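Peer 1: got a sequence here, can you build the structure:
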Amino acid sequence: MAVLFPPFLNKIFSSCNDLPVLNSFLHWNYNSSTNTVDIAFRHTNISSSSWVAWAINPSSKGMIGSQALVAFQGSDGIMRAYTSSVTNYTTQLQEGNLSFAVPKISAEFLNNEITIFATLELPINSSSTVTQLWQEGPLIGDSPTAHPTTGDNVKSIGTLDFLSGQQIATTVGGNSLLRRKNVHGVLNAVSWGTLMPLGAIIARYLKVVNSAGPAWFYLHMTCQHSAYIVGVAGWVTGLKLGAESPGIQYTAHRYIGIVLFCLGTLQVFALLLRPSPDHKYRFYWSIYHHLTGYAVIILSVVNVFKGFDILDPEKKWKRIYIIIISALGLIAVQLEVFTWIRVMKMKKNKSQRNLNEAYGANGYGAKPQQTSVDF
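Peer 2: Numbering: from 1, shown residues only. Next up is the predicted model:
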């Protein structure tokens with residue numbers, strides 16, 4: 001821990017970069033002959049209940065292996081500034097030595113802005129170009145906790161040349177991860193979130209249309225099987241994403257996904273083991289099939305929205321899905337009304353035919369016979 005060192009007060013830095021995300025700025029002076037750097041990392045619009053960090057990674061282009069400078073205001077109002085080597089995704093940013101010397105480190109908190117001051121003694125003959133990372137996250141008491149893993153918090157990485165000042169803002173190693181997250185989201189939104197409800201609508205409403213014949217069943221099967229196949233692909237990508245992020249847990253989203261996979265698999269086997277229409281167990285099978293299907297649809301839509309909250313894409317994508325699922329819901333309501341009207345008419349016509357047949361069997365409606373009465 002350290003307090004503000006006087007040599008940094010009112011210090012003029014020759015280089016400055018406006019970092020692209022998280023309201024952050026980096027100022028520095030680089031001495032190429034000694035390979036030392038004086039830095040001031042500023043994070044604006046930050047509360048006293050948050051921690052900030054700036055790091056360089058001399059060994060790879062990612063979070064693991066990064067050498068971090070961490071700062072936050074303690075519950076006693078005193079600023080804490082220290083070094084922490086990040087060795088895993090579940091790090092709690094404990095204080096520890098870095099792979100290079102940091103003879104000076106301090107921090108200040110003023111006007112909702114935290115500034116970390118430090119001197120870094122980089123290894124001799126090492127490159128002046130480094131991978132830099134910067135981050136923010138919440139505090140619990142006086143302990144840093146995990147930062148968000150969506151939005152700008154996964155974009156705060158890039159490369160920096162201390163000598164030239166050139167900055168390449170990029171999600172090094174993160175573009176691939178973000179791409180896989182997007183693929184996971186699209187696969188599941190299309191399969192569980194769209195094709196599954198569409199398949200249920202086909203089964204519910206087309207089978208009452210006589211002209212459709214057995215076509216409704218094959219459409220239903222095609223839609224549901226396609227949804228299941230694409231959904232399994234989305235489920236597998238989700239498992240892979242979870243395995244690659246051991247310190248990140250989205251418990252509800254994960255468990256709902258597992259339940260959906262299990263229920264979807266049961267539905268596929270249920271279709272293969274479907275009893276014939278006149279089988280004594282067909283009634284119970286139909287109840288199971290319908291209840292499981294509706295459970296899958298409800299959980300699918302809920303989990304898609306949970307996925308939107310996790311991925312935090314542009315607002316338009318969530319709006320597009322809301323429009324799609326709302327349109328399917330509106331179509332279902334209209335078809336439900338149409339179906340009930342049709343069913344009631346069919347029942348009425350059937351009752352009328354039965355009544356006419358009953359009258360005919362009893363002689364009503366036939367030509368009256370002539371009878372004579374003798375007096």
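Peer 1: what about the residue lying closest to Leu122 once chain neighbours are set aside, how many residues nearby?
Peer 2: The shortest distance from Leu122 to any non-neighbouring residue, by CB to CB, 6 or more residues apart in numbering, is to Asn35 (4.6 Å). Heads up, the C-betas are built off the backbone N, CA and C, glycines and all. When neighbours are counted by other CB atoms under 10 Å, Asn35 registers 18.
Peer 1: Asn35 reaches Val130, doesn't it?
Peer 2: No: if you go by CB atoms under 8 Å, Asn35 and Val130 don't touch, sitting 11.2 Å apart.
Peer 1: by mean pLDDT, point me to the weakest helix or strand of the chain.
Peer 2: The helix or strand of the chain with the lowest confidence, counting by mean pLDDT, DSSP states H and E, is strand 167-169 at a mean of 57.
Peer 1: what is in contact with Asn35 and Val130 at once?
Peer 2: Leu122 (CB atoms under 8 Å, 6 or more residues apart in numbering).
Peer 1: how is this protein partitioned into domains?
Peer 2: Following the TED database, one gets these domains for the chain: 15-161, 175-350.
Peer 1: where do the helices sit along this protein?
Peer 2: Assigned by DSSP state H, the chain shows helices spanning 174-190, 196-205, 215-244, 251-272, 282-311, 315-361.
Peer 1: most tightly surrounded among those?
Peer 2: Sort those by mean neighbour count, taking mean count of other CB atoms under 10 Å, and helix 196-205 sits at the top with a mean of 21.
Peer 1: specify the angle between it and helix 174-190 in degrees.
Peer 2: 10 degrees (axes from the mean of the first three to the mean of the last three CA atoms, to 10 degrees).
Peer 1: what does helix 196-205 contact?
Peer 2: Contacts of helix 196-205 (CB under 8 Å, 6+ apart): 216-217, 219-220, 223-224, 227, 231, 293-294, 296-297, 300-301, 325, 328, 331-332, 335-336, 338-339.
Peer 1: one more time with 6 Å
Peer 2: With contacts defined as CB atoms under 6 Å, 6 or more residues apart in numbering, helix 196-205 is touched by 216, 219-220, 223-224, 227, 293, 296-297, 300, 328, 332, 335, 339.
Peer 1: now, which of the residues you listed sits nearest Ser59?
Peer 2: The nearest member of these to Ser59, counting by CB to CB, is Ser300 at 41.9 Å.
Peer 1: touching, that closest one and Gly193? I think so.
Peer 2: Yes: here Ser300 reaches Gly193: they are 5.2 Å apart, a contact under CB atoms under 6 Å.
Peer 1: which residues does Ser300 contact?
Peer 2: Going by CB under 6 Å, 6+ apart, Ser300 touches Trp192, Gly193, Met196.
Peer 1: same thing but 7 Å
Peer 2: Neighbouring residues of Ser300 by CB atoms under 7 Å, 6 or more residues apart in numbering: Trp192, Gly193, Met196, Leu260.
Peer 1: wait, isn't the second one in contact with Val304?
Peer 2: Yes: the pair Gly193 and Val304 qualifies as a contact (CB atoms under 7 Å) at a distance of 3.9 Å.
Peer 1: list residues touching both of those two?
Peer 2: In contact with both Gly193 and Val304: Tyr321, using CB under 7 Å, 6+ apart.
Peer 1: burial count for Gly193?
Peer 2: Neighbourhood size, Gly193 [other CB under 10 Å]: 27.
Peer 1: against Pro214, how distant is it?
Peer 2: The gap separating Gly193 from Pro214 is 28 Å, by CB to CB, to the nearest Å.
Peer 1: likewise for Gln67?
Peer 2: Distance, Gln67 to Pro214, using CB to CB: 67 Å.
Peer 1: between the two, which is the more surrounded one?
Peer 2: Gln67 (22 against 8).
Peer 1: so what's that one bridging to?
Peer 2: Applying DSSP bridges to Gln67 gives these bridge partners: Ile56, Ser85.
Peer 1: next: the one 5 residues further on.
Peer 2: The bridge-partner assignment for Phe72, based on DSSP bridges, gives Trp51, Arg80.
Peer 1: quick one, what contacts it?
Peer 2: Contact analysis of Phe72 by CB under 7 Å, 6+ apart lists Ser50, Trp51, Arg80, Leu139, Pro144.
Peer 1: tell me the pLDDT at Pro123?
Peer 2: For Pro123, the pLDDT comes out at 78.
Peer 1: just give the nearest non-adjacent residue to it, would you?
Peer 2: Nearest residue to Pro123, sequence neighbours excluded (CB to CB, 6+ apart): Phe100, at 5.9 Å.
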